[in-house]
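Engineer: what would the 3D arrangement of this be:
(chains A, B and C)
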Amino acid sequence: MNRMTDKMLRWYARHARALPWRAPPGQRPDPYHVWLSEIMLQQTTVATVRKRFDDFVRRWPTLRALAEAPREEVLAAWAGLGYYARARNLHKCAREVTRTLNGQFPQTPRELKKLPGIGDYTAGAIAAIAFNHPAVAMDTNAERVIARLFAVTEPLPECKETLRRHAEELLPKDTPGDFAQALMDLGAIICTPRDPACALCPLMEDCKASKQGLAEDLPRKRRKPPKPRRTGRAFWIERADGRVLLRRRPEKGMLGAMVEIPSTDWDGAPPPFSGETPFRLEFERLRPHVRHTFTHFHLKLALHRLPEPLPIDRARLLPLPPGWFWHPLDKLDTVGLPTVMKKAANLLRGPR
DNA sequence: AACACGGGGTT
DNA sequence: AACCCAGTGTT
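Structural biologist: Now for the predicted structure:
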């Protein structure tokens, strides 16, 4: 076993974080738990996932239970976690594994990668952690730790292959799961993006970047372009019996397949207020806007609502397009609004 | 290789 | 405001 690997594993044995999806020492974790946690953890912090993982497992204790759940319920349970393609793929993957693989996840990265929502990293992580298959799991933690250990100064993403080769040199064939998680915990606790705790690092004397005073500068990354600003309008249409008009978004694109308050497109320039309001109804404008930042743009959402709830008999005359529905206001929290829509609803349902 | 795709936390 | 986070899928 490589000297650095040995130090890493010894450190991990003493400092591993206790996390809900990890098995007690000496036990094999449930592949369903490993898979679910890895999907949730894609671009999402441990603190956020901690709160949601238990909810999911309580509600759907097995892969089969998740596969048999209605898709809307899974999407609603995912609301607020972001990157909603993950939720669509999660449900699709659960059904594929249950139906065509007899409920058993494949054990190799090559086969795992064929499943929806499982890419290079997640395939390696599941194979290593759940099945002890000798694979590396290159996430940003692993990339950072390896880039520093070997002082890789070439920027990401060009150096990805170099980093992977270095990681594979260190990979212990007998305990790949511990290695993957040791790399992650080291990256999360010691080898942090900013102000790494090199003095506490078990690999300090092996780390080329630390010796050169380069640790905090690695890995190098290219700067991201600034986010453009967009605007839109949301329309709150309440009915006299305490329901509000919602709709499901298209399958693909932003917030795909999620529920929203009827809104205009989010362009740079919203249409005039008196223009295309739903059903040509007359709306009042709320003072506060909703500001929300997505991955690649800032959104400023103007909020509109009817002066009075719509009488039932008038509401019945509205020609509801496919995907639109009246939803009880007292059950708004169970419908699964994405965060931007939750912010809007919280303002719209309150007083002016 | 570049881009689309959320949200919350830190600095 | 910029950066970060247990990335994947599409083009």
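
Engineer: what residues are up against the residue lying closest to A:Arg220 once chain neighbours are set aside?
Structural biologist: The shortest distance from A:Arg220 to any non-neighbouring residue, by Cβ to Cβ, 6 or more residues apart in numbering, is to A:Pro155 (4.0 Å). The way it works is simple: take the backbone N, C-alpha and C, and place the C-beta from them, glycine included. Residues near A:Pro155 by Cβ atoms under 8 Å, 6 or more residues apart in numbering: A:219-222.

Engineer: equivalent analysis for A:Leu170, please.
Structural biologist: A:2, A:4-5, A:8, A:146, A:179.

Engineer: let's see that with 10 Å instead.
Structural biologist: Contacts for A:Leu170 (Cβ atoms under 10 Å, 6 or more residues apart in numbering) come out as A:1-6, A:8, A:136, A:145-146, A:149-150, A:179, A:183.

Engineer: buried subset of those residues, written for PyMOL?
Structural biologist: Typed into PyMOL, the next command selects the buried ones out of these (criterion: 16 or more other Cβ atoms under 10 Å):
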select buried, chain A and resi 4+5+8+136+145+146+149+150+179+183
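
Engineer: what's the neighbour count on A:Trp326?
Structural biologist: When neighbours are counted by other Cβ atoms under 10 Å, A:Trp326 registers 19.

Engineer: which of the three states applies to it?
Structural biologist: Look at A:Trp326: counting by DSSP: H, G, I helix; E, B strand; the rest coil, its state is strand.

Engineer: pretty sure it sits against A:Arg239.
Structural biologist: Yes. Assessed by Cβ atoms under 10 Å, A:Trp326 is found in contact with A:Arg239 at 5.9 Å.

Engineer: residues in contact with both of those two, list them for me.
Structural biologist: Both A:Trp326 and A:Arg239 are contacted by A:245, A:310, A:312, A:315, A:318, under the criterion Cβ under 10 Å, 6+ apart.

Engineer: the fourth one against A:Pro278, yeah?
Structural biologist: Put plainly, it is A:Ala315. No. Between A:Ala315 and A:Pro278 there is no contact under Cβ under 10 Å: 11.9 Å.

Engineer: which residues do the two both contact?
Structural biologist: A shared contact of A:Ala315 and A:Pro278, defined by Cβ under 10 Å, 6+ apart, is any residue touching both; here these are A:237, A:245.

Engineer: who are the contact partners of the residue located most distally from the centre of chain A?
Structural biologist: Each residue of chain A has a distance to the centre, and by Cα atoms, centre = their mean the biggest one is for A:Asp313: 42.0 Å. Counting by Cβ under 10 Å, 6+ apart, A:Asp313 touches A:Ala240.
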